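Asks: 3D model of this:
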Amino acid sequence: MRIITRGAKVGPCNICGTVGVLTEDHIPPKGVARVSQVLMLNIVDLLSVQRPKKSGRISQNGVKYRTLCGKCNNERLGLRYDPVLIALAKDVRAYLESALHLPSAMHLTVKQNRLVRSVVGHLLAHGVDEHRNGSMIENLTDYFLDESAPFPANLKLYYWVYPYNDQVIVKGAALSVHYWNSFAVFMLLKFFPLSFFIVLDEPAEWRIPFGRLDSVLTTSIDDEAMIDINFANLPPQRWPEAPENTGMVMYGEGAIGAIQTAF
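Replies: Reported below is the predicted structural model:
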């Protein structure tokens, strides 16, 4: 399946819906990514037991989608929200790359409401011509655009350290951890050094053992919270995008992975 990252040069913004000139959004933002050239692959190719097929798409300067207007890309994300995500990623990266023997956890104070809107905004940017395409996207769009809005009550947002050089972006998929029982829709953004996992109506029996950001969110954009960054007991590299022995994942269109081809 062909990977499409560019639609029309003029069209509706994936976030606000304004029709105009569209700009390229880097996923994750440029201040986070440390690779210059990547091979973008459909998620099935990335997860292949054998060597991934070379039928993907080369992208210079990381993963980019031409889907956002200048205001959403440069002002809302670039100026207001991305700096918090970039700072967090740099702190975690410095910890991972330190030659010192450090504790297995660190505690950081962040502007959590800006951080989460950065993550949400880049997930909304993924996929061509997908403005308000589905109820989960619609609710996250409303949340992103209104700084005083609460995070959708039926969503949970997990995070954990991701010490790998590839990327995974999934805007819509369904995961079951035990055969056909208890499916839930999810979005996923993974890049060095962090993963973010948004789950819709999570089944109670899942009991995901990672940190949550939704539980510390408020309706005041500049509130701060202390979050824990744990470097031990991390999930497998390919969780949750690859099913475990008793689970399965069903993907919609557009889910991709990106592997480094050059720095």
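
Asks: who's in contact with stretch 80-95?
Replies: Under the contact criterion CB atoms under 8 Å, 6 or more residues apart in numbering, stretch 80-95 has outside partners 28-29, 31-32, 34, 102, 106, 108, 110-111, 114-115, 117-119, 121, 161, 192-194, 229, 231. All C-beta atoms are positioned from the backbone trio N, CA, C, and that covers glycine.

Asks: Wasn't Leu100 part of a helix?
Replies: No - according to DSSP: H, G, I helix; E, B strand; the rest coil, the state of Leu100 is coil, so it is not within a helix.

Asks: How many residues are close by it?
Replies: When neighbours are defined as other CB atoms under 10 Å, Leu100 has 5 of them.

Asks: likewise Pro243?
Replies: Using other CB under 10 Å, Pro243 has 17 neighbouring residues.

Asks: you'd agree Glu147 is up against Asp222?
Replies: No - between Glu147 and Asp222 there is no contact under CB atoms under 8 Å: 9.3 Å.

Asks: Now the buried members of the contacts of stretch 80-95.
Replies: Buried subset of the contacts of stretch 80-95 (neighbour count, 16 or more other CB atoms under 10 Å): 28-29, 32, 110-111, 114-115, 117-119, 121, 161, 192-194, 229, 231.

Asks: So which of these belong to helices?
Replies: Per DSSP state H, helices hold the following members of the buried ones among the contacts of stretch 80-95: 114-115, 117-119, 121.

Asks: Strands along the stretch 151-263 of the chain, start to end?
Replies: Assigned by DSSP state E, counting those that start in this stretch, the strands in the stretch 151-263 of the chain fall at 155-161, 167-176, 184-191, 194-200, 211-212, 225-230, 248-251, 256-262.

Asks: buried stuff in the last one?
Replies: Same thing as strand 256-262. Under 16+ other CB under 10 Å, the buried positions of strand 256-262 are 256-260.

Asks: Tell me which residue is most central in the protein.
Replies: Geometric centre of the chain, nearest residue: Leu189, 2.2 Å, by CA atoms, centre = their mean.

Asks: so that residue bridges to which residues?
Replies: Beta bridges link Leu189 to Ile169, Phe196, judged by DSSP bridges.

Asks: Quick check: it touching Val63?
Replies: No - with contact defined as CB under 8 Å, Leu189 does not count as touching Val63 (10.4 Å).

Asks: shared neighbours, the two?
Replies: Residues touching both Leu189 and Val63 by CB under 8 Å, 6+ apart: 27, 169.

Asks: sorry, back to before: need the residues touching each of Glu147 and Asp222.
Replies: Asn113.

Asks: who has more neighbours, the two?
Replies: Glu147 (16 against 9).

Asks: Find the nearest non-adjacent residue to the more buried one, please.
Replies: Among residues not flanking Glu147 along the chain, Ile221 sits closest, at 4.3 Å (CB to CB, 6 or more residues apart in numbering).

Asks: Identify the residues contacting the one you found.
Replies: Contacts of Ile221 (CB under 8 Å, 6+ apart): 111, 113-114, 147-148.
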